[in-house]
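Asks: quick check, what structure comes out for this input:
(chains A and B)
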Amino acid sequence: MSSDLTPDLVTRRAQSPRRSMFLRMLVRAAVLRRGRAAAALLAMVVATAATTAMLNLYVDVQAKLHTEFRNYGANVVVVAKDGQSLPGDALQKIKFVLDGNGIAVPFAYVVARTANEQPVVVSGTDLDEVRKLDRWWSVTAWPAGAQDALVGVRAATLVAPEGQTFDLSFQGRKVRVNTGGILRTGSAEDSRVYLSLREFESWTGVQPSTIEIAASGSPEAVAAIVSKLALVLPEAEIRPVRQIMEGEARVLGKTRSTLLVCALLIIMTAALCMLSTLMGWVFDRRRDFAIMKALGASERLIGGFFVTEAAVLGAVGAIAGFGIGVAIAAWIGRVNFHAPVVPRFVVLPEVLAGGIAVALMAAVVPMFLLRRVQPATILRGE
Amino acid sequence: MFLRLVYESFRRQKRRKLLAGTAITLGVGVATAMIAVATDIGDKVSRELRTFGANIVVTPQDDSLDLQIAGIDLKPPSDGAYLNEADLPKIRGMFWHNNIVGFAPVLPVSVNVGEKNVALLGTYFSKRLTFGKEEFRTGVHAIYPWWKVSGAWPEDDSEDVLLGEKLATSLGLKTGDQIEVARQEHRVAGVLSTGGAEDDKIVAPLAVAQSTLGRPGAVRRLYVSAVTKPEDAFARRDPKSLRGPEFDRWYCSPYVQSIAYQLQEVIPHSHAEQIRQVAQNEGTVLTKIKGLMLLITLAALLAAALAVSAAMATAMFERRSEVGLMRALGAGSISVAAIFFAEALLLAVLGGSVGFAGGAVLARVIGRSIFDSQIGVDLVLFPIVIAIAVLVTFAGSALAIRRAVQFDPVYALRGEA
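Replies: Numbering: from 1, shown residues only, chains lettered A, B, ... in the order given. This is a model prediction of the structure:
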């Protein structure tokens, strides 16, 4: 048993003073020159914080802007073929395909007559959902009761100039509705009257012919939804709204490229400044280097010492910088998009590796330069 | 002596000066480029947002109601009022004419093709118009970039037409075929794909639609695509309630409301209205992107300032023994500080100038490669950027200089820092 232990003990005794000396040198170097170490660490933290914030924003900004672009309303429209109505279960099927990633609103249309025989387009829809889908609609008041209608501003001058109750007739059947609110959009909606779908169906018996969908997500996700819809609704026509999709893709693409260029610029500046600061710090310690060399330390030991020091500094700085960077990204998200940017821990290894790599480079370059110099020359202060 | 000290310090310590100078140059360069991009991004993105199509529609003032379902016009062509085509070039003479990306008049007509009733839309494709001595081109080509044509766009003064892709399939026609519309033969110049209601229509030059309808010079609606400023509370005020200078300010801001107001002025008996889907959302998206760039620029400026400060602090720290020597020779702390501040000032001005020039070039490259247009750097920015650079370098060196001056010269000279 003792024969088992002895060689182990011997090696431990032989190594332990050297190991503790190595650690002590590292710790003392940082403690004694805490001003310089803090400056180098600060440069490291600033650089990694800027990098982390930019990477986080770059990854997240697309999702954030997609949400903003959904304010443009529907990006997919489902239309019944040849002016017929959609099957009754179409809305359920679409909601099942969407699975919560978007809004689907049915619209039914007829051309009705006013009291003085003027034609007007009347639409039945789910007004609560329209409110979420078409946020640009400027409405004086959203209708509350079942008999209340949302009247387009141009239609209002014809049917109810004073906001009163008015009659509409369709194929001999009459309905009396109140002006619940005035709608202004600048497009075809201004000439229409909107009723709640239930009221509309019991009056006209006409089923929805159009379902407008605002599908959220990337262009690929929307394309996937379109092809799934085509499978479940073969009797309808699925139209991606190219005006919205292409505009969105274009603006997003440009914004992302600008952001990428800015990110690269910032990361590059931060890395270079960090490199110069750290190099200055290592260069400044040529006396330590010379003393160690004069006392007979091997090249490997000195190299190991400086490299370990740089790596530790790099790691500590990178982790602190990562935390600050995530906080900056979250702050920008909250201020600008009113939703925090979710921290991506995926980028932590990259930031860590990058930080350590630059720190090592900062340590190795001065070492390489100093190696050829005689210790005596350095110690004399030349 | 003072000048000589500064000069010699630059001559003899090239490596250190180069390091600090590089840091300043880079910092100022990035800051300049970022400020230029951030100030210009609003204009650039707002031009990109024009790919969403027209944001103003002009209709005749006393028009009857539209009867439009899913993009199909059900209104009889005899019904309602028209705009006069001859008034359109006057848009070029408007106050904000430079902000008008393009406009396209439309005239829908219902025609028979064989047995089938088809909608025909008359418009400008890329029509050559003249206003005064000025010639310009405008039409759907400019304002609806998502319209794709396989084949060729018809000439505006020809009799050629475009067929919507669904209509072309159902009629069994392709590019180069002849189509009979209202007893007139037309050549199909190309097949149009828009992803909207136009896929079921014939799109023809405006003159063709007018002669089919028998109303020369008639335009049903006019779509205008204008670069606008995001709407604010002031923009929403009624121009009739504004007086004197307030009205001038409203009139001379490129709000969508004021551009619509000016369109009403140049086109008689018209009513211009913003298309809220496009106009309102443009403001939201633009504000978000501008906000994002502003915050990133702030972060970048902060990072650049800290980096420059850190580099300067390091550079100063290395020179304790120099300070010790000066102090030992009897220099007062003020004159020592003055030398170092003079060096910092020189570095900041030199590095800052180079950085500013570099940043301007960088901004130009970014503008060219991403937005296909220039991003200019205002020269007003130059003194501001230099002043900030000087301030940051001073801040970075101040602490190190203070400590070096306070340090006992004996220790500094012995190297026991």
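
Asks: so which residues of chain B form helices?
Replies: Counting by DSSP state H, residue ranges of the helices within chain B are B:2-12, B:14-48, B:140-143, B:165-171, B:206-213, B:244-251, B:256-266, B:276-317, B:320-328, B:333-366, B:381-406, B:409-414.

Asks: same check on the stretch 201-350 of chain A?
Replies: Assigned helices in the stretch 201-350 of chain A, in chain order: A:219-232, A:242-283, A:286-294, A:299-332, A:347-370 (criterion: DSSP state H, counting those that start in this stretch).

Asks: quick check: angle from the second one to helix A:286-294?
Replies: So that's helix A:242-283. Comparing the axes of helix A:242-283 and helix A:286-294 via axes from the mean of the first three to the mean of the last three C-alpha atoms, to 10 degrees yields an angle of 60 degrees.

Asks: and the angle from helix A:242-283 to helix B:14-48?
Replies: Going by the same axes, to 10 degrees, helix A:242-283 makes 170 degrees with helix B:14-48.

Asks: mind putting the helices of chain B into TSV with distance to chain A?
Replies: Quick note: C-beta positions are derived from backbone N, CA and C, even for glycine. Formatted as TSV, the helices of chain B follow (distance: least, C-beta to the nearest C-beta, whole Å):
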stretch	distance to chain A
helix B:2-12	13
helix B:14-48	5
helix B:140-143	11
helix B:165-171	9
helix B:206-213	19
helix B:244-251	19
helix B:256-266	9
helix B:276-317	3
helix B:320-328	8
helix B:333-366	5
helix B:381-406	8
helix B:409-414	9
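
Asks: do you know how far the closest residue to B:Phe317 other than its chain neighbours is from A:Met21?
Replies: Nearest residue to B:Phe317 in three dimensions, chain neighbours excluded: B:Ala400, at 5.0 Å (C-beta to C-beta, 6 or more residues apart in numbering or on different chains). Applying C-beta to C-beta, to the nearest Å, one obtains 32 Å for the distance of B:Ala400 from A:Met21.

Asks: so those two - more neighbours on which side?
Replies: A count of neighbours by other C-beta atoms under 10 Å in any protein chain shown puts B:Ala400 above the other of B:Ala400 and A:Met21, at 23 against 11.

Asks: so what's that one up against?
Replies: Applying C-beta atoms under 8 Å, 6 or more residues apart in numbering or on different chains, we find B:Ala400 in contact with B:312-313, B:316-317.

Asks: the nearest residue to B:Leu222 once chain neighbours are set aside: neighbour count?
Replies: When the adjacent residues along the chain are set aside, B:Leu222 lies closest to B:Val58, with 4.0 Å between them (C-beta to C-beta, 6+ apart). Using other C-beta under 10 Å, B:Val58 has 26 other residues around it.

Asks: how about B:Asp232?
Replies: Using other C-beta under 10 Å, the number of residues around B:Asp232 comes to 11.

Asks: tell me the confidence at it?
Replies: If you check B:Asp232, the pLDDT there is 84.

Asks: B:Ala197 now?
Replies: Note on B:Ala197: pLDDT of 83.

Asks: per the annotation, how does the chain divide into domains?
Replies: Using chain A. A:20-67+A:251-379, A:75-240 (automatic domain parsing).

Asks: wait, chain B was what I had in mind.
Replies: Domain assignment for chain B by automatic domain parsing gives B:2-46+B:284-414, B:55-274.

Asks: what is the end-to-end distance of the longest one?
Replies: Start and end residues of domain B:55-274 are separated by 6 Å (C-alpha to C-alpha, to the nearest Å).

Asks: pLDDT weak spots in the chain?
Replies: Went with chain A since none was named. Along chain A, segments meeting pLDDT under 70 span A:1-19, A:83, A:381-382.

Asks: hm, I was asking about chain B
Replies: Across chain B, the stretches falling below the confidence threshold (pLDDT under 70) are B:71, B:76-79, B:414-417.

Asks: excluding its backbone neighbours, what's nearest A:Arg250?
Replies: B:Thr51 (5.2 Å).

Asks: now for B:Val410, how many residues are close by?
Replies: Other residues near B:Val410 number 11, with proximity taken as other C-beta under 10 Å.

Asks: what does the stretch 51-200 of chain B put close to chain A?
Replies: Proximity of the stretch 51-200 of chain B to chain A is assessed by C-beta under 8 Å from any C-beta of the partner chain, with B:51-53, B:56-57, B:65-70, B:74, B:144-146, B:194-196 identified as the residues in range.

Asks: out of those residues, which are buried?
Replies: Taking 16 or more other C-beta atoms under 10 Å in any protein chain shown as the criterion, what is buried in these is B:51-53, B:56-57, B:65-70, B:144-146, B:194-196.

Asks: take those and keep only those in strands.
Replies: Among these, the ones falling in strands (DSSP state E) are B:56-57, B:68-69.

Asks: redo those as TSV? Include distance to A:Phe166.
Replies: Below are these laid out as TSV (distance: C-beta to C-beta, whole Å):
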residue	distance to A:Phe166
B:Ile56	30
B:Val57	26
B:Gln68	21
B:Ile69	21
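
Asks: farthest pair in these?
Replies: Every pair in these was compared (C-beta to C-beta); the two farthest apart turn out to be B:Ile56 and B:Ile69, at 23.1 Å.

Asks: which residue comes closest to the residue nearest the centre of chain A once chain neighbours are left out?
Replies: Per C-alpha atoms, centre = their mean, the C-alpha nearest to the average position across chain A is that of A:Asp60, at 2.0 Å. Spatial nearest neighbour of A:Asp60, chain neighbours left out: A:Val341 (4.5 Å); criterion: C-beta to C-beta, 6+ apart.

Asks: residues near residue 92, how many?
Replies: Picking chain A for this. In terms of burial, A:Gln92 registers 11 neighbours under the definition other C-beta under 10 Å.

Asks: wrong one, I was asking about chain B
Replies: Look at B:Arg92: counted by other C-beta under 10 Å, it has 19 neighbours.

Asks: ok, B:Val118 to B:Ile179 distance?
Replies: Distance from B:Val118 to B:Ile179, by C-beta to C-beta: 10 Å.

Asks: what residues are shared contacts of those two?
Replies: Counting by C-beta under 8 Å, 6+ apart, the common neighbours of B:Val118 and B:Ile179 are B:Ile202.

Asks: for B:Glu230, give its distance to B:Arg237.
Replies: Careful, residue B:230 is Pro; it's not Glu. The gap separating B:Pro230 from B:Arg237 is 15 Å, by C-beta to C-beta.

Asks: how distant is stretch B:335-347 from the center of its chain?
Replies: 43 Å (C-alpha atoms, centre = their mean, to the nearest Å).

Asks: neighbouring contacts of that stretch?
Replies: Taking C-beta under 8 Å, 6+ apart as the criterion, the residues outside stretch B:335-347 that touch it are B:2, B:5-6, B:9-10, B:17, B:20-21, B:24, B:312, B:316, B:319, B:323, B:326-327, B:390, B:393-394, B:396-397, B:401-402, B:404-405.

Asks: can I get that stretch in CSV? Just the C-alpha atoms.
Replies: The C-alpha atoms that make up stretch B:335-347 are tabulated as CSV, following Å, rounded to 0.1, in the frame of the first residue of the first chain:
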residue,chain,number,x,y,z
SER,B,335,4.2,72.8,-17.2
VAL,B,336,4.5,69.0,-17.2
ALA,B,337,0.8,68.6,-17.6
ALA,B,338,0.8,71.2,-20.3
ILE,B,339,3.3,69.2,-22.3
PHE,B,340,1.3,66.1,-22.1
PHE,B,341,-2.0,67.8,-22.9
ALA,B,342,-0.4,69.5,-25.9
GLU,B,343,0.7,66.1,-27.1
ALA,B,344,-2.8,64.7,-26.5
LEU,B,345,-4.3,67.6,-28.4
LEU,B,346,-1.9,67.2,-31.3
LEU,B,347,-2.7,63.4,-31.4
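
Asks: flag every buried residue along it.
Replies: Along stretch B:335-347, these residues count as buried under the neighbour rule (16+ other C-beta under 10 Å): B:336-341, B:343-347.
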